[in-house]
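**Student:** What follows is a predicted protein model with its sequence.
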Amino acid sequence: MGLVVVGMRTNNQVDPIGLDDPSPRLSWEVVGSSGQAAYQIRAAESVEAVRGGQLMASTTMVGSTRQSQIEIGDLKLGSRQTVTWQVRVWDERGNVSAWSTPATWEMGLIGNAAWAARWIENPTYAYTRAGGEVTPLPVFGKGFSVDRPVWKARLYVTGLGMFAASVNGKPAGEAILEPGQTTYSEEVHYRTYDVTAALRQGSNVVGIETGSGTYQRVKTPGHYFFGADLEEYVVFGAPKVIAQLEISYADGSRQTIASDQTWKTALGATTYSSWWSGEEFDARRGATSPDSAAKLDGADWSQAALATLTDSTTPRASTPLVANPRPPVTVAQRVHPETITKHGDSWILDFGANRSGWPSVSLNVPRGTTVTMTPSEKLKADGSLGTESTGVADGATDAIAYKYTSAGGSNQVWHPQFTYSGFRYLRVDGLAKKPGRNTITMLVTHAALPTASTFRSSSAVLNAIHEMTLRSTESNMMSVLTDCPNREKGPYTGDNLHNIDALLSQFDMAAYQPQLVKNMASAQRDPDDEFPGLIANIAPEFHRVRPVKLKYPQGVIEFLDEVNWGSAVIRIPWKLYTTYGDTRTMATHYDTMVKWLDYEAKNRADNNGDIPGLGDWSAAESSTPMQLAIYAGYFSSADEMSKIAGVLGKHADEATYRALADELATTFTAGFRHTAADGSVYYGSDSETSNAMALDAGLVSDADRDDVVAHLIAAVRTSGNHITTGSVGLGPLFRALQAAGRDDVIYDMVTNTTAPGYGYLVARDHTTLSEDFSGGGSQNHHFLGQVDNWLVSGVVGIQQAAGAVGYRELIIKPAIVGDLTAATGSYETPYGPVSSSWSRPRPGHVTITVSIPSGTSATILLPNGRGSITSSDVTVTKEDGAASCRVGAGNHAFDITP
């Protein structure tokens with residue numbers, strides 16, 4: 001088969017518009033029997049130009065197997081510019097592919113100077129008052145005319161706290177819950193919408209509604225307010241928007257409609273908006289998002305005012321407007337209630353599974369009717385809502401609610417726009433009769449990231465665990481990765497780091513995670529701030545946690561800072577490099593990493609080596625020394641920082657951080673290595689976390705490894721095959737056992753149907769992961785989702801070879817364990833999809849099929865090395881009861897009999 005180039009991506013997205021990156025990274029995949037040995041890229045302003053050779057830039061023939069994260073060079077791109085690019089590749093024999101199908105990208109507005117628009121506000125808006133009176137949220141609009149054929153129209157727009165843009169009354173695009181969360185003083189993200197098809201000849205109108213988001217956090221009596229004595233909160237400002245609609249006409253002229261004081265504004269129909277406690281909408285109010293310019297002449301509308309921005313406001317006068325690099329949050333699906341049950345005067349709707357999203361109504365009720373929808377993750381035994389996991393006290397169930405007040409009429413359709421909730425159940429009040437299946441539905445919302453893997457097995461329990469963990473990730477995958485979709489919605493850095501293996505297994509996060517790292521960098525405390533260099537446990541830091549010490553079972557903890565949270569700024573960029581070949585993220589934020597390590601060095605010295613933190617957070621077993629978990633994380637940070645410095649060519653730093661890692665290893669061993677009565681070696685309290693973290697970090701010597709693995713397995717068996725680690729120790733537990741070849745132990749833990757553990761959650765009908773393995777706390781936390789990585793890398797057996805980057809070298813090692821009889825799965829590498837399937841039709845007989853993408857090679861490790869093995873196309877080597885073979889791209893099959 002000849003070489004064919006497919007899967008063209010720019011900055012990890014397909015044909016994106018609205019980039020402001022002057023040197024985007026290009027990626028592609030190659031299909032063919034032979035892999036890529038060289039490539040050539042060419043770029044021009046249009047398809048016709050690139051094919052005609054009128055090029056903006058072109059590489060020579062570059063000898064390289066790389067197919068991702070490639071920069072073509074300095075194109076000197078300006079705002080609005082469109083680039084068309086193609087690539088062709090050569091194999092090792094000199095055969096060359098055809099030029100690929102053209103791909104494109106389009107630049108947005110580069111720098112604040114490219115904006116003619118100004119930030120505008122509603123001059124009559126006032127915050128919620130102390131008595132609880134709520135001021136409706138502003139809406140903005142501008143009428144304009146189109147009098148000739150339109151070639152292209154782009155709407156560049158953002159708003160704070162949140163915005164929803166429309167053209168002629170229709171949403172400007174699919175993106176919702178905008179803008180993406182950032183440190184708003186450092187950068188505000190805008191979105192570019194293609195609104196060409198939305199325009200019509202004659203009169204048109206652009207509208208922008210606003211919500212509060214994390215920008216405007218106001219305590220309102222009767223409404224839930226996330227917070228405790230630890231947190232300090234700030235209201236950053238009043239709602240404001242900035243928008244620039246640019247229309248390019250077929251005759252070559254251009255029209256710009258930019259937000260300024262000529263725009264109209266009104267207090268709209270969204271009468272209450274809170275990121276944490278719901279949304280209320282009164283359809284009787286006239287100033288909804290306008291569907292015609294004539295609406296702006298109504299009595300509710302007045303002139304907008306220019307927002308006053310200074311060096312002390314948020315955003316500042318100099319805060320850059322930055323194109324949002326993340327795939328948008330969108331509505332992923334509509335779910336209908338599975339059951340509708342009467343409970344007192346209310347109706348309880350069950351949507352079958354816990355998810356994140358919006359209630360959506362389609363009603364025919366009299367004017368003035370208010371329908372109240374209260375979300376919940378659980379029901380009580382009597383069938384009423386159980387709201388404690390959402391943070392709402394029992395009996396205060398309206399504290400988080402969605403309320404719609406009807407304007408009358410037969411087709412009343414509404415859903416919230418500026419917040420969302422995690423829920424399975426809705427209590428509905430205010431309807432005179434039973435709602436139908438289509439009356440109130442659930443719109444599921446999450447970031448539109450490409451799925452990276454698939455998994456299915458003969459075990460109903462494993463399949464349910466996979467669905468449960470995947471749904472938990474989706475529920476927390478918004479513009480930032482949150483801890484839970486209800487009580488906190490916190491972008492916790494540790495929750496991201498502790499579950500990073502599963503996250504990168506489940507979804508392609510190459511365009512998503514770099515911004516989360518940038519959020520950490522933007523939130524880093526400045527030299528003149530309290531605790532300079534600190535990266536607090538949430539980023540963006542829209543609330544501050546004071547350094548209060550509290551007594552917990554594992555010791556005295558401090559919420560402000562934790563090595564195993566802050567180190568995400570180092571360890572996630574390293575994972576992005578090893579997974580995708582991304583060097584840009586770690587190069588961009590290298591100075592942030594240095595400052596964080598300097599902060600932790602001072603932190604350590606100031607506390608005489610006893611670093612404040614949280615230890616193995618949420619563990620069922622609390623004997624693990626807090627400092628063991630902290631120092632293992634500290635060592636891993638220094639170790640990976642040394643590797644990052646090496647990749648970036650900073651060799652002096654590489655040696656400095658290697659020396660720090662070596663010193664931390666010595667300190668760790670002196671403090672936590674112990675010898676048992678039988679002479680064997682263990683670490684810490686001999687708990688699962690203690691031994692697993694020591695093994696996983698590489699802090700156990702070769703001579704001690706078998707002992708420590710044996711102690712780890714003994715801890716699992718002593719616990720009754722339960723998982724007793726918390727979020728910090730969970731990844732190390734899976735990785736240490738898998739590295740030791742003990743997938744059988746993992747299987748026993750995972751499928752155990754008693755608490756604590758995954759199997760228990762499935763047995764108790766959980767559809768998402770709870771905050772702990774015994775079912776407590778929030779019912780939709782993702783940070784215990786490490787199992788989903790093992791299902792792909794262990795059960796199916798798709799792994800990256802040690803030391804490889806970007807899955808160029810693969811290991812296929814299926815875990816044929818327990819009573820499993822079959823498993824199949826795939827993973828989308830930067831080179832294309834790899835798949836593995838196996839079945840066990842009878843004892844001792846195993847069939848395995850593997851597909852390897854072009855440009856990669858794999859070592860396949862086969863079970864039952866002493867049996868008979870037949871292969872479709874390769875020679876299998878047997879040695880000491882093990883069997884293996886090396887394969888290249890293509891499909892390979894094996895039949896193994898006793």
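**Tutor:** Thanks, I have the structure now. Just so we're clear, the structure is a prediction, and the values are computed from it rather than from any experiment.
**Student:** Can you give the contact residues for stretch 191-203?
**Tutor:** 17-18, 106, 108, 143-147, 150-158, 165, 167-168, 170, 172-173, 175, 178-179, 245, 247, 292-294, 323-324, 328 (CB atoms under 8 Å, 6 or more residues apart in numbering). Any C-beta I mention is one placed from the backbone N, CA and C, and that applies to glycine too.
**Student:** Narrow those to those in strands?
**Tutor:** Of the contacts of stretch 191-203, the ones assigned to strands by DSSP state E are 17-18, 106, 143-146, 150-158, 165, 167, 170, 245, 247, 323.
**Student:** Just the buried ones from these?
**Tutor:** With burial judged by 16 or more other CB atoms under 10 Å, the buried subset of these is 17-18, 106, 143, 146, 150, 152-158, 165, 167, 245, 247, 323.
**Student:** Okay, now the unreliable bits of the protein?
**Tutor:** Counting by pLDDT under 70, the chain has low-confidence residues at 1, 128-132, 228-229, 865.
**Student:** Swap in 80 and give it another go.
**Tutor:** 1, 33, 74, 127-134, 227-233, 394-397, 546-547, 553-555, 864-867, 880-881 (pLDDT under 80).
**Student:** Go through the strand ranked longest in it and flag the buried ones.
**Tutor:** Longest strand in the chain by number of residues (criterion: DSSP E): strand 346-363. The neighbour-count check on strand 346-363 (16+ other CB under 10 Å) flags 346-349, 351, 353-361, 363 as buried.
**Student:** so Ser778 sits in a helix?
**Tutor:** No: counting by DSSP: H, G, I helix; E, B strand; the rest coil, Ser778 is located in no helix; its state is coil.
**Student:** Could you verify my assumption that it touches Lys489?
**Tutor:** No: counting by CB atoms under 8 Å, Ser778 stays clear of Lys489, with 10.4 Å between them.
**Student:** Would you tell me which one of the buried residues of strand 346-363 comes nearest to Gly881?
**Tutor:** Ala353 (44.3 Å; CB to CB).
**Student:** Not counting its neighbours along the chain, what's nearest that closest one?
**Tutor:** Thr767 (3.8 Å; CB to CB, 6 or more residues apart in numbering).
**Student:** wait, is Asp21 part of a strand?
**Tutor:** No: counting by three-state DSSP, Asp21 is not found in a strand; it is coil.
**Student:** What sits closest to it if chain neighbours are left out?
**Tutor:** Asn11 (6.1 Å).
**Student:** so that neighbour makes contact with Asn324?
**Tutor:** No: using CB under 8 Å, Asn11 is not in contact with Asn324; the gap is 11.5 Å.
**Student:** Neighbour count: the two, which is higher?
**Tutor:** Asn324 (24 against 20; other CB atoms under 10 Å).
**Student:** how far away is that one from Val167?
**Tutor:** 19 Å (CB to CB, to the nearest Å).
**Student:** can you check Ala697 too?
**Tutor:** Distance, Ala697 to Val167, using CB to CB: 54 Å.
**Student:** same check, this time on Pro102
**Tutor:** Here the criterion is CB to CB. By it, Pro102 lies 28 Å from Val167.
**Student:** now do Thr592
**Tutor:** Per CB to CB, Thr592 is found 39 Å from Val167.
**Student:** And for Val150?
**Tutor:** Applying CB to CB, the value for Val150 to Val167 is 12 Å.
**Student:** How about Ile70?
**Tutor:** In this view, Ile70 and Val167 are 36 Å apart by CB to CB.
**Student:** What of Ala801?
**Tutor:** To Val167, Ala801 is 50 Å away according to CB to CB.
**Student:** same thing with Gly881?
**Tutor:** 68 Å.
**Student:** do Val750 as well
**Tutor:** Plainly put, Val750 is 50 Å away from Val167 if you go by CB to CB.
**Student:** Run a quick neighbour tally on Gly408.
**Tutor:** If you count neighbours by other CB under 10 Å, Gly408 ends up with 13.
**Student:** ok, now which ones touch it?
**Tutor:** Counting by CB under 8 Å, 6+ apart, Gly408 touches 365-368.
**Student:** try 7 Å
**Tutor:** With contacts defined as CB atoms under 7 Å, 6 or more residues apart in numbering, Gly408 is in contact with 366-367.
**Student:** and the residue nearest to Ala353, what is it in contact with?
**Tutor:** Per CB under 7 Å, 6+ apart, neighbours of Thr767: 353-354, 424, 468, 471.
**Student:** Swap in 8 Å and give it another go.
**Tutor:** Counting by CB under 8 Å, 6+ apart, Thr767 touches 352-354, 424, 467-468, 471.
**Student:** now swap in Ile465 and tell me
**Tutor:** Contact analysis of Ile465 by CB under 8 Å, 6+ apart lists 750, 758-759, 761-762, 787-788, 791.
**Student:** what's the answer for Arg886, then?
**Tutor:** 857-860, 874.
**Student:** just Ser457 next, same as before
**Tutor:** 463, 791, 795, 820, 822-824.
**Student:** re earlier: now flag whichever of the contacts of Thr767 is closest to Glu688.
**Tutor:** Using CB to CB, Met468 comes nearest to Glu688 of the contacts of Thr767, at 21.6 Å.
**Student:** can you confirm that closest one is in a helix?
**Tutor:** Yes: membership of Met468 in a helix is supported by three-state DSSP.
**Student:** My guess is it contacts His766. True?
**Tutor:** Yes: between Met468 and His766 there is a contact under CB under 8 Å: 6.3 Å.
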